[in-house]
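Asks: Need a 3D model of the sequence below.
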Amino acid sequence: MSRPVIRPAALAGVAVAALLVSGCAPVVDANWTPPAWPATTLQVIRGDVEPLSAEPGQPLAANVSPERIRQDGIGIQARYALLPGDAAFNDAVRAYVRTAIGARQDATGARYSPQAGAVGAGLADRSCRPGSTLTPAAEVLADPALAGPIVGGGSASVVCDVVWASGSVFGQRLRTVTSSGDGVVGDSVETLFTDTANGDVSTAAQLWAPDAAGALADDVFEGLRRAAGSLSLAPLGDPATLEQLAGAFATTMPSAAGACSSRSRRGSRLTRSLPLASPRPMRP
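Replies: Coordinates of the predicted model:
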């Protein structure tokens, strides 16, 4: 009867394997927990502010002076609102409209001059059309009450919305849509705020502190890294990214809580404060 024989070489292999397994076994710490990201206070709040109506019969109509021009020589139509007694704000609004006029003069080679509308042309309706700064550009160009006349194959349409009117603060969003034979070729927006108590005028972008883009970029993109589970610590602040973020500041609107002011999670102020409250008609 034969017996199994374990050769020395096989025995040595078993011993080495045992040593390897026992040598690689990790020491378990029952109290260990995976590291966590530090808490962040960054919050992104999305809430579009509905444009306010300053049309005849509305309470706000008593506080604003609606304006409308149409000029068939250069191909422009514009609606905008002025505030009686607020020279700085009115100058800023007129400057915006003049820029659009200047562009049409350059495009056509013609000069702008005031033009009286024909009887029955409907130009007595001068108020901002609520929501026109949010309407698709093609629809603006298709609406005869908003669109500039076609001259030299192109036109410009300036439309407006009252976006804030509370206490002493008034905000107006202005938009210019330009066209050519190829359709829409330009669509730009600027929002102007004025504090009638002291005459201060700011664009939406100017409400932000100079270093706000960098501070927000760090917070926003670090949050995206966390959400994606990335362990990268590569520095942020790519110039193209910062430029895009800074461009978004031009659409800044006051929060529903009533303060156009915020801070980064590191405590640095990102905006300057304005005396805002929830939207309601301005005080006369």
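Asks: hey, let's count contacts and neighbours off CA atoms from now on
Replies: Will do.
Asks: Please point out which parts of stretch 82-93 sit buried.
Replies: By neighbour count on 16 or more other C-alpha atoms under 10 Å, the buried set for stretch 82-93 is Leu82, Leu83, Asp86, Phe89, Asn90, Ala92, Val93.
Asks: Please list the members of these that lie in helices.
Replies: When the buried residues of stretch 82-93 are checked against helices (DSSP state H), the matches are Phe89, Asn90, Ala92, Val93.
Asks: mind showing which ranges of the stretch 1-150 of the chain have poor pLDDT?
Replies: 1-26, 35-49, 120-121 (pLDDT under 70).
Asks: Reformat the buried residues of stretch 82-93 as JSON lines; add distance to Gln172.
Replies: As requested, those are exported to JSON lines (distance: C-alpha to C-alpha, whole Å):
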{"residue": "Leu82", "distance to Gln172": "9"}
{"residue": "Leu83", "distance to Gln172": "10"}
{"residue": "Asp86", "distance to Gln172": "13"}
{"residue": "Phe89", "distance to Gln172": "10"}
{"residue": "Asn90", "distance to Gln172": "11"}
{"residue": "Ala92", "distance to Gln172": "11"}
{"residue": "Val93", "distance to Gln172": "9"}
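Asks: ok, Leu83 - contacts?
Replies: Asn63, Val64, Ser65, Phe89, Asn90 (C-alpha atoms under 8 Å, 6 or more residues apart in numbering).
Asks: Beta-bridge partners for Gly154, please?
Replies: Val151 (DSSP bridges).
Asks: So it versus Phe89, what's the distance?
Replies: Separation of Gly154 from Phe89 (C-alpha to C-alpha, to the nearest Å): 29 Å.
Asks: do the same with Thr178
Replies: Using C-alpha to C-alpha, Thr178 is found at 24 Å from Phe89.
Asks: cool, and Gly75?
Replies: Gly75 sits 26 Å away from Phe89, going by C-alpha to C-alpha.
Asks: Val189 too?
Replies: Look at Val189 and Phe89: by C-alpha to C-alpha, they are 16 Å apart.
Asks: Same question for Val27.
Replies: Using C-alpha to C-alpha, Val27 is found at 71 Å from Phe89.
Asks: again with Gln105
Replies: Per C-alpha to C-alpha, Gln105 is found 24 Å from Phe89.
Asks: residue ranges of the helices in the stretch 51-200 of the chain, please?
Replies: 87-108, 137-142 (DSSP state H, counting those that start in this stretch).
Asks: In CSV, list those along with distance to Ala212.
Replies: Listed next are the helices of the stretch 51-200 of the chain as CSV, based on distance: least, C-alpha to C-alpha, whole Å:
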stretch, distance to Ala212
helix 87-108, 24
helix 137-142, 30
